[in-house]
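Asks: let me see the structure of the following:
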Amino acid sequence: MRLFYRFWASGLLACALICGPVQANPTAEAQRGPVTNLPLPRYVSMKASEGNVRRGPSLTHRIDWVFTRRDMPLRITAEHGHWRRVEDRDGQGGWIHYSLISGVRTVIVEHELLNIYSRPDPDAPVNAALEAGVIARLGKCGPEWCQLRSGGYRGWAPKAYLWGVTEGELRD
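Replies: So this is what the prediction gives:
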């Protein structure tokens, strides 16, 4: 019996040396990017007016898409070196070089005609109306409303009608 425990303990030691440390909460580690240590997924925007989206994280991989809209919001889902795996609001995407994206936050209007109000209240005066597909700069966000800037207008809109911000996200 003693021989069995020695064998078992040496097997555990070998596994620990080969497999690495065991983490108490593996999902917490999976929620951070291995390169930047920033949360995954997270939103960014296109810095460039054109960006090649590749099948894998290097210049040798085939180009699947070309994003051609500056300031378009994208969701980063993975990181590898200088590359970020991104997707747009339709779920299309791939790997893009980090130099083509920015941490500036933008959103896309997903409502046919979205009123932006002077304050986060549906009874407040309407400052402007934005059509579906309009890209707006994201400002403060509360539990249900976000402040937007677009086309020289500024106001508040319900978060539910925007792509590029998560439901529970709060911003100052």
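Asks: okay, strands next: where are they in the protein?
Replies: Secondary structure of the chain by DSSP state E: the strands cover 42-46, 51-54, 63-67, 73-80, 83-87, 93-97, 101-102, 106-109, 113-117, 126-131, 135-141, 145-150, 153-158, 162-163.
Asks: between these, which gets nearest to E169?
Replies: strand 135-141 (5.8 Å; Cβ to Cβ). For the C-beta atoms, the positions are set from N, CA and C on the backbone; glycine is no exception.
Asks: what pLDDT, on average, does that closest one get?
Replies: Throughout strand 135-141, pLDDT has a mean value of 97.
Asks: could you dump the strands of the chain to JSON lines with mean neighbour count and distance to D172?
Replies: Output for the strands of the chain, formatted as JSON lines (neighbours: other Cβ atoms under 10 Å; distance: least, Cβ to Cβ, whole Å):
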{"stretch": "strand 42-46", "mean neighbour count": "21", "distance to D172": "16"}
{"stretch": "strand 51-54", "mean neighbour count": "20", "distance to D172": "29"}
{"stretch": "strand 63-67", "mean neighbour count": "14", "distance to D172": "29"}
{"stretch": "strand 73-80", "mean neighbour count": "20", "distance to D172": "19"}
{"stretch": "strand 83-87", "mean neighbour count": "22", "distance to D172": "25"}
{"stretch": "strand 93-97", "mean neighbour count": "20", "distance to D172": "28"}
{"stretch": "strand 101-102", "mean neighbour count": "18", "distance to D172": "19"}
{"stretch": "strand 106-109", "mean neighbour count": "23", "distance to D172": "17"}
{"stretch": "strand 113-117", "mean neighbour count": "18", "distance to D172": "19"}
{"stretch": "strand 126-131", "mean neighbour count": "15", "distance to D172": "21"}
{"stretch": "strand 135-141", "mean neighbour count": "19", "distance to D172": "6"}
{"stretch": "strand 145-150", "mean neighbour count": "21", "distance to D172": "11"}
{"stretch": "strand 153-158", "mean neighbour count": "20", "distance to D172": "15"}
{"stretch": "strand 162-163", "mean neighbour count": "19", "distance to D172": "17"}
